[in-house]
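sequence? don't have it. structure:
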């Protein structure tokens, strides 16, 4: 409790960092292994959502939900080019320090993980195929 001496009132106030909600959103976003795998897949560059669907072998709607959570936490960026949607790790001088630190922590911590290393090998195969071929499965699922 903090007392407001000028008015004589005593009131509860939160003594929280201005980034408390941001940190909570980041922690929630990082709490799922599939989201961590997606984040790690993006660390080397931008990927089409179809690449992530193929890599993680999850339904497009599930991938979409995971990517929305990561984007809401400020960890990734999204751009659309024609019918393709691309995601990348949040970068640049406008990305807050706490987000850059969280990304560095995740990348450093998972760099040697066996699942992440297997994903890297799979991603090389996925990226070697034509984007239209990779996205066929995604497009069929969207039409159903």
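Happy to help now that I have it. Predicted model, so just to flag it, every value in this text is computed and none were measured.

what about the strands in this protein?
2-4, 9-11, 47-48, 76-81, 84-89 (DSSP state E).

Kindly point out the strands partnered with the third one and how each is oriented relative to it.
Sheet partners assigned to strand 47-48 using DSSP bridges are listed as strand 84-89 (antiparallel).

now the strand it pairs with, how far from the centre of its chain.
How far strand 84-89 lies from its chain's middle: 10 Å, per Cα atoms, centre = their mean, to the nearest Å.

Report the angle between it and strand 76-81.
Relative orientation of strand 84-89 versus strand 76-81 (axes from the mean of the first three to the mean of the last three Cα atoms, to 10 degrees): 160 degrees.

Average pLDDT for strand 84-89, rounded please.
For strand 84-89, mean pLDDT is 93.

closest one to residue 21 among the strands of the chain?
strand 76-81 (18.0 Å; Cβ to Cβ). Heads up, the C-betas are built off the backbone N, CA and C, glycines and all.

now what about the closest one, what contacts it?
By Cβ atoms under 8 Å, 6 or more residues apart in numbering, the residues outside strand 76-81 that reach it are 39, 42, 46, 67, 70-71, 85-91.

From residue 117, how far out is residue 77?
Plainly put, residue 77 is 25 Å away from residue 117 if you go by Cβ to Cβ, to the nearest Å.

quick one: which of these two has more around it?
residue 77 (17 against 13; other Cβ atoms under 10 Å).

if I look at that one, how far off is residue 85?
Counting by Cβ to Cβ, the gap from residue 77 to residue 85 is 11 Å.

Please apply the same query to residue 51.
11 Å.

Residue 115: neighbour count?
12.

which regions of the chain sit below the pLDDT cut-off?
Of all residues in the chain, those with pLDDT under 70 make up the ranges 1-18, 132, 134, 137-144.

Lovely, talk soon.
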